[in-house]
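Peer 1: I would like to see how this sequence folds:
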Amino acid sequence: MPKRPTCQQCERPLKTCLCDVMVQLNCEYHLVILQDPKEAKHALSSAPLLAKSIKQSTLVVGEVFDPLVLLGEGWQNNSLLIFPNDNSLSQQQVHEHQIKYLILLDGTWRKVARMMHLNPWLSTLPCFAIDSANASQYLIRKSPRVDGLSTIEAAVMVLNNLQPEKEFSPILAAFHKMIDFQIQAMGSATFERNYPKD
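Peer 2: Predicted coordinates for the structure are as follows:
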């Protein structure tokens, strides 16, 4: 079966190209997105959109990661893990720590827990937790957590928090359009049956 024609820019099928709504923004930090291999095969993963939307970002697929290779010397002092933690740093503390790298884990909660287990160095890093008052707009994939967000939604919340002088929400336009394409493909009746409102 021949492969569907793909857009060279957004790397999505031409029928669901997102280029007309995609933006590329700069930020003060370097985003390092560690993606579970199974998540990388998911056609509706938000991590590739995030990597294409923030110029200072790196998407790495794997299970075990070497922090020295990923982040270089001094990674213990200039890296921040975006993850729920009772001892999460405040916005002011993040700025005081002179953080260079923001690390996001991309996968289901079970896969992320496994990633943490396989990479104990992640647990040594200071964390920054997201206080999400709004439900995720990832309508086509459900999180077991009430506060669960897609990777791109989490990144936008973090960057808006850490750089309040700049607005990162425009990168979500491509994410929302990707979801709309999928709902259209499923048909509204099928979508409502598979993803009923709580």
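Peer 1: and the residue nearest the centre of the chain, what is it in contact with?
Peer 2: Nearest to the mean C-alpha position of the chain, counting by C-alpha atoms, centre = their mean, stands Thr151 at 2.2 Å. Contacts for Thr151 (C-beta atoms under 8 Å, 6 or more residues apart in numbering) come out as 33, 45-47, 50, 104, 106. The way it works is simple: take the backbone N, C-alpha and C, and place the C-beta from them, glycine included.
Peer 1: and the helices in the protein?
Peer 2: 37-40, 47-53, 67-71, 75-78, 91-96, 109-118, 151-162, 172-186, 188-194 (DSSP state H).
Peer 1: relative to Pro126, which of these is closest?
Peer 2: Pro126 lies closest, by C-beta to C-beta, to one member of these: helix 91-96, at 7.9 Å.
Peer 1: other residues contacting the closest one?
Peer 2: For helix 91-96, contacts defined as C-beta under 8 Å, 6+ apart pick out 80, 126, 128, 161-162.
Peer 1: also stretch 162-175?
Peer 2: With C-beta under 8 Å, 6+ apart as the contact definition, stretch 162-175 has outside contacts at 10, 18, 21-23, 25, 27-29, 46, 49-50, 53-54, 91, 94-95, 128, 137, 150, 152-153, 155-156, 159-160.
Peer 1: swap in 6 Å and give it another go.
Peer 2: Stretch 162-175 is contacted from outside by 18, 21-23, 28, 46, 49, 53, 94, 152, 156, 159-160, using C-beta atoms under 6 Å, 6 or more residues apart in numbering.
Peer 1: and if you look at stretch 17-28?
Peer 2: 7, 9-10, 12, 54-56, 159, 163, 170-171, 173-174, 177.
Peer 1: CA-only coordinates of it in CSV, if you can.
Peer 2: C-alpha atoms of stretch 17-28 as CSV (Å, rounded to 0.1, in the frame of the first residue of the first chain):
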residue,chain,number,x,y,z
CYS,A,17,-1.3,19.6,7.0
LEU,A,18,-1.0,22.0,9.9
CYS,A,19,1.4,24.5,8.4
ASP,A,20,-1.2,27.3,8.0
VAL,A,21,-1.6,27.5,11.8
MET,A,22,1.9,26.5,13.0
VAL,A,23,4.2,29.1,14.5
GLN,A,24,7.8,29.1,15.7
LEU,A,25,8.7,30.9,18.8
ASN,A,26,11.9,31.6,20.8
CYS,A,27,12.1,31.1,24.5
GLU,A,28,14.8,31.6,27.2
